[in-house]
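A.B. asks: all I have is the shape, not the residue letters:
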């Protein structure tokens, strides 16, 4: 193994776990290819060894993060989850030029380079158990979940109702339609194979036995729909404590959320009602336009595309933008049933036996906690909608319907995804958008939340200000009452946003988690067939590269290359390709689009949905069909009007600008595809030819 930008020497210690020691020397003023070479070295080593130690002299001022080379190097360290143990100067002029880095973080800090301290760095530690039993028994979780909600309700129980204008006379839904045998058969076939531990028959044999059990099941479901009564057995939930975030401390009970597992029959009944409720909301135009949670055709990605589109356009006009992310504590669990029923009746138009059904669905629910094979005692559920149910998220979205009127009253843009709420606006005094507008809005939102038994978690509420250039930074240095929320990096729907919108922190996180899973898969690779290995790679690695990848469009090539390293490593891992073999033929043979084309693919699929009349309305309003001033052959070519922008790193990255530009570059045969599957097939072939002209 050799590289042009540095010299190295490798020491392999054949112990368990396997350890590789890498000694590196980079001469001063070597070529700019160092970062690429170092990345290739690390990516290759960490997949083959349990632990890797790098040390040596890089002649890079690692202590100066503003230095371009040092910043790029530190980004790679964070991406690969490497720890730099040298924190003091190693050079006569006071800079840190030497490295001592390991792929293990749970170690004492090294103060002196010696055999004794080196051994302490390399000691193997067993990972923490991921079982919730580390945090307590089933009764402990049972009491925690009950006391947590009761505590939140107790704090806010004395607040008066906050007045919000109610829409006048929404269309009504007075009764729920019964379901036919054929419709029920389709629902059963599509239903996930998950149920309650108390199901007499597990979901899989349930489906197999449907020809025999279907008529009886239909009687139970249709009887409930007709009478407006939900049987008590279908309202008994078994709670599974689930970690809120991967990597959270498993011994801390507060790190768990309650996820309900409900009887298979209950889920089928909920699905029947869910379809009718969604149809009523859609036909009557009762959905909140900027609510993307758990709605068909909507996603976290579409929500972020819209939010960032508005932010990019404001920055392109030279205006700073403030984004505030509100966090609610146990939002699903504190929902007040009386208020929810009032929303269903007055805001959505649910009346008669249909309203009786929802009242029966919410009342007299019970739950217990299952931990391992042990069940807790049963408890009545006085508040909340069950997480893990089919109707729960939709009912919560209805519960939040009045919030939109508060944001619009203050002239602020907003977007909701279930209980995730983000408010944003350009900071422009001439248009009345100021810090005070946000403060007034937040205070009003707090009052509304309190009156609806929802609690704002101010400790997890985050704020970030995006600036068009460095000259605007000091202008909004004083955020007043919002200052405690300010952070340089915030997390919105799983994507880390930094003040420069370069996505460095997010990409570091994606690379880190991807290589973590690649290292784990390396231990079982010999047990899997090629087909199974590819499926596992897509599930654990490629899916991370693809999550919200449309946001990467417009990023500089050096940033995208960091993600491309992950895909290249995954391709070599799958095919057994040697390190020095060219990667393009491998990616082409796998039909894997490179990172930059994968982001374009996602954006173009959103545009195709627009032409087919689908997709989120808030994205559709950003696109306009091209209308030439006189009749031309291009009139029927499915082109889009391309808005003008000023800055390549701002306006050109907005969905409303970038999407039409990419769409109009497609051949007519691709743009005019008759269906979505055909379009995706033609589009992928087209992009593969652009990416690998010599191999496709």
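C.D. replies: On my side now, so go ahead. All of these numbers come straight from a predicted model, not from anything done at the bench.

A.B. asks: how about low-confidence regions in the stretch 151-300 of the chain?
C.D. replies: Applying pLDDT under 70 to the stretch 151-300 of the chain flags residues 157-162, 164.

A.B. asks: swap in the chain?
C.D. replies: Counting by pLDDT under 70, the ranges of the chain that qualify are 1-2, 14-16, 29-32, 87-136, 157-162, 164, 429-433, 470-477, 629-636, 696.

A.B. asks: contacting residues around the nearest residue to residue 496 once chain neighbours are set aside?
C.D. replies: Of all residues not flanking residue 496 in the chain, residue 506 sits nearest, at 3.8 Å (CB to CB, 6 or more residues apart in numbering). For the C-beta atoms, the positions are set from N, CA and C on the backbone; glycine is no exception. Counting by CB atoms under 8 Å, 6 or more residues apart in numbering, residue 506 makes contact with 495-498.

A.B. asks: quick one: buried residues of the helix or strand hosting residue 506?
C.D. replies: Residue 506 is part of helix 504-522, with elements assigned from DSSP states H and E. By 16 or more other CB atoms under 10 Å, the buried positions in helix 504-522 come out as 504-519, 521.

A.B. asks: try stretch 217-224
C.D. replies: 217-218, 221-222, 224.

A.B. asks: same thing with stretch 542-559?
C.D. replies: 542, 544-546, 548-555, 559.

A.B. asks: again, but for stretch 49-68
C.D. replies: 49-63.

A.B. asks: with respect to residue 392, which of those is nearest?
C.D. replies: residue 50 (42.4 Å; CB to CB).

A.B. asks: for the closest residue to that closest one other than its chain neighbours, the count of nearby residues, please.
C.D. replies: Among residues not flanking residue 50 along the chain, residue 17 sits closest, at 3.3 Å (CB to CB, 6+ apart). Neighbourhood size, residue 17 [other CB atoms under 10 Å]: 11.

A.B. asks: touching, residue 17 and residue 519? I think so.
C.D. replies: No - contact status for residue 17 versus residue 519: not in contact, 11.1 Å apart, counting by CB atoms under 8 Å.

A.B. asks: tally of neighbours for residue 585?
C.D. replies: Residue 585, neighbours per other CB under 10 Å, totals 14.

A.B. asks: please disregard the earlier target; I meant residue 440.
C.D. replies: Neighbours of residue 440 (other CB under 10 Å): 14.

A.B. asks: pretty sure residue 203 is touching residue 196, no?
C.D. replies: No - applying CB under 8 Å as the test, residue 203 and residue 196 come out as separate, 9.8 Å apart.

A.B. asks: find the residues that touch each one of these two.
C.D. replies: Common contact partners of residue 203 and residue 196 (CB under 8 Å, 6+ apart): residue 264.

A.B. asks: so for those two, which sits in the more crowded spot?
C.D. replies: Between residue 203 and residue 196, counted using other CB under 10 Å, residue 196 has the larger neighbour count: 22 against 18.

A.B. asks: show me the contacts for the nearest residue to residue 210 once chain neighbours are set aside.
C.D. replies: Nearest non-adjacent residue to residue 210, counting by CB to CB, 6+ apart: residue 188, 5.3 Å away. Residue 188 makes contact with 206-207, 210, 214, 217, 268, according to CB under 8 Å, 6+ apart.

A.B. asks: repeat that for 7 Å
C.D. replies: 207, 210, 268 (CB atoms under 7 Å, 6 or more residues apart in numbering).

A.B. asks: ok, residue 651 next?
C.D. replies: Neighbouring residues of residue 651 by CB under 7 Å, 6+ apart: 312-313, 316, 645, 657.

A.B. asks: just the buried subset of those, please.
C.D. replies: Burial by neighbour count, judged by 16+ other CB under 10 Å, picks out 312-313, 316, 645, 657 from the contacts of residue 651.

A.B. asks: among the residues you listed, which are in helices?
C.D. replies: Among these, the members falling in helices (DSSP state H) are 312-313, 316, 657.

A.B. asks: dump those residues to JSON lines, plus distance to residue 39.
C.D. replies: Below are those laid out as JSON lines (distance: CB to CB, whole Å):
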{"residue": "312", "distance to residue 39": "29"}
{"residue": "313", "distance to residue 39": "34"}
{"residue": "316", "distance to residue 39": "32"}
{"residue": "657", "distance to residue 39": "31"}
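
A.B. asks: relative to residue 682, which of these is nearest.
C.D. replies: Taking those together and measuring to residue 682 by CB to CB, the closest member is residue 657, at 24.1 Å.

A.B. asks: just give the closest residue to that closest one, not the sequence neighbours.
C.D. replies: Nearest to residue 657 is residue 645, by CB to CB, 6+ apart, at 5.0 Å.

A.B. asks: wait, that neighbour touches residue 655, no?
C.D. replies: No - between residue 645 and residue 655 there is no contact under CB atoms under 7 Å: 11.7 Å.

A.B. asks: strands along the stretch 301-450 of the chain, start to end?
C.D. replies: Per DSSP state E, counting those that start in this stretch, the stretch 301-450 of the chain carries strands over the ranges 321-326, 328-329, 365-371, 374-375, 379-381, 413-417, 420-426.
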